[in-house]
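[1] please work out how this folds:
(one chain, ligands or ions: 1)
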Amino acid sequence: MIAVLMTCVRKLFSRRNPTGSRDARKFLSPQSFVVSRDTSVFWPLLMKQLIARFTILLLILTTAYAQQVFGQCKVGKDAPPYGFWSWAPQSRIKVYILSADFRDSDLAFLLKPIQNWNAVMEQTGSGVRFEYVGPTSAPLYCENCLTILRGEVYDNVKRHATELKTYSAHHDRIMSWAHIVVDPKVTNKEALTNAIAHELGHNLGLLDCYSCKPKSTVMNKFKTINVPNEMDAPTACDVAQVRTGYFEVRSSLKKVAVRGKQSAKQSEVEDGEEPVDDDTPIVIRKP
Ligand SMILES: [Zn+2]
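    Residues are numbered from 1 along each chain as shown. Predicted structure coming up:
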C-alpha cells in the first residue's frame, strides 16, 4: 500500500509544471518563481495546479485509509451479513426480564451486553437504545418492548440455544415487540452474556455468520452449549455491518413513506376495504 501511494505521489509531482520543467524541486523552489516573466498569470495558475494535485492526493489517502479500515470486514469471513428484522431507527427499546426465569445474580450478566451495544449506538448509526425497565411477571407485547425469558429451545439436531420471537405490525420487517428466549440449559453466566450479545445483534439486523473467524463477530456459532465464547460486545465489523444495514433500512422506510403518501392521495377518490390486522406472531429460530 505504501509503495502504491509513493508511486502516485511521485507521478503527481513529476507531471509537467507551468514553467515547463519536470523537476518537482525546481518547480516548487523560490528561484523558479523569480524567472517567471508574467507573475500575474503564473501565481493563480500555480495555486490552481497545487490545489488540484493536493486534492487528488487527499482522495488517494482517504481511499487507502477506507480500504485499510473497512477492507478487513469481509462478509462470511470477518463480518456477518445483514438483512434480518430490526428495531426502527432512533427507537428506545424497553427491556424487561421475566423475574421467575432468572436469578438476581444473573441480572448483571444479562445487562452487560445491552450496555455494550448501547455504547456503540452512535457508531452504528442505528440510534436504537436499549433501556432496562425492570422485571416482569409475563412476556410483554407492547410497542418497542423486548422481554428476555426462558423457554425450551434446544434440540439435538439444530442445536439452537436461544430463539428470537418477534412481530412486525406493519409487515415491513420493523419489529413491534420481541422476546429473546433462552434455553434453561444455558446456566453459565458468561454464556448468558454471550447469548444476549448475539441476540441483540439479530435485533439490529445482523444475521448469523457460522463461517466467520472466531472472535471476529458476536454472530458466530456457539461451538458448545453453555460454554462461554468470550464475545460479550460487538466487534468493529459488527458495528460496520449494522451501520450499513440501517442505512438501507432508512432508505427503505423513506420509499414506503413516499408510496404511502401516493396511495393516500388515490384513496381520496377511490373506495377501499378496511385493512385487517394480521396478528400472527412470527417465530424465527436462531442459535
Ligand atoms: Zn443467531
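[2] number of nearby residues for the residue of the stretch 51-200 of the chain found nearest the ion?
    Closest contact between the stretch 51-200 of the chain and the ion, by CB to the ion, is at residue 198 (5.5 Å). Using the backbone N, CA and C atoms, a C-beta is placed for each residue, glycine as well. Per other CB atoms under 10 Å, the neighbour tally for residue 198 reads 29.
[3] quick one: name the residues of the stretch 101-250 of the chain near the ion.
    residue 208 (CB under 5 Å from the ion).
[4] in the stretch 101-250 of the chain, which residue sits nearest the ion?
    For the stretch 101-250 of the chain, CB to the ion, closest residue to the ion: residue 208, 4.3 Å.
[5] identify the residue nearest that residue in space, chain neighbours excluded?
    What sits nearest to residue 208 in space, not counting adjacent residues and going by CB to CB, 6 or more residues apart in numbering, is residue 219, at 5.4 Å.
[6] look up how far residue 204 lies from the one you found.
    Residue 219 is 10 Å from residue 204, where distance means CB to CB, to the nearest Å.
[7] before we move on, what about residue 154?
    From residue 154 to residue 204 the distance is 24 Å (CB to CB).
[8] ok, the two, which is more surrounded?
    More crowded of residue 154 and residue 204, by other CB under 10 Å: residue 204, with 27 against 19.
[9] pLDDT wise, what is the closest residue to that one other than its chain neighbours at?
    With sequence-adjacent residues excluded and distances taken as CB to CB, 6+ apart, residue 204 is closest to residue 242, at 4.8 Å. Per-residue pLDDT puts residue 242 at 98.
[10] what helix or strand is residue 242 on?
    helix 236-267 (DSSP states H and E).
[11] in what helix or strand does residue 49 lie?
    Going by DSSP H and E, residue 49 is part of helix 39-70.
[12] following that helix, which helix or strand comes up?
    Defined by DSSP H and E, the subsequent element after helix 39-70 is strand 82-86.
[13] I'd like the mean pLDDT over that following strand, please.
    Computed over strand 82-86, the average pLDDT equals 94.
[14] quick one: neighbours of residue 131, just the number.
    12.
[15] sec struct for it, please.
    strand (DSSP: H, G, I helix; E, B strand; the rest coil).
[16] how about the secondary structure of residue 216?
    coil.
[17] nearest residue to it in space, please, no chain neighbours.
    Nearest one to residue 216, counting by CB to CB, 6+ apart, is residue 78 at 4.4 Å.
[18] quick one: the one you found and residue 123, what's the gap?
    17 Å.
[19] of these two, who's got more company?
    residue 78 (21 against 13).
[20] and the pLDDT at the more buried one?
    pLDDT, read off for residue 78, is 95.
[21] all further residue positions should be reported with the first residue as 29.
    Happy to do that; since the first residue is 29 now, the last one works out to residue 106.
[22] how about residue 160, what does it touch?
    123, 125, 139, 142 (CB atoms under 8 Å, 6 or more residues apart in numbering).
[23] let's see 10 Å
    121-125, 135, 138-139, 142-143, 174, 176 (CB atoms under 10 Å, 6 or more residues apart in numbering).
[24] can you get me a residue count around the residue nearest to residue 232?
    28.
[25] close enough to count as contact, it and residue 156?
    Yes - contact criterion CB atoms under 10 Å: residue 270 and residue 156 qualify, at 8.9 Å.
[26] rewinding a little: could you find the closest non-adjacent residue to the residue of the stretch 79-228 of the chain closest to the ion?
    The nearest residue in space to residue 226 (CB to CB, 6+ apart) is residue 246, at 5.2 Å.
[27] pull out the buried members of the contacts of residue 160.
    121-125, 138-139, 142, 174, 176 (16 or more other CB atoms under 10 Å).
[28] taking strand 110-114 as reference, get the angle to the helix holding residue 270.
    60 degrees (axes from the mean of the first three to the mean of the last three CA atoms, to 10 degrees).
[29] from the contact counts, what lies against helix 264-295?
    helix 67-98, strand 110-114, helix 135-147, helix 149-152, helix 217-231, strand 232-234 (3 or more CB pairs under 10 Å, 6 or more residues apart in numbering; DSSP states H and E).
[30] just the buried residues of that helix, please?
    Neighbour count says helix 264-295 has 264-274, 277-278 buried, by 16+ other CB under 10 Å.
[31] ok, stretch 249-257 next?
    Those would be 250, 253-254, 256-257, for stretch 249-257 by 16+ other CB under 10 Å.
[32] which residues touch it?
    By CB under 10 Å, 6+ apart, stretch 249-257 touches 182, 187-190, 211, 213-223, 225-226, 236-240, 242-243, 246, 248, 259, 315.
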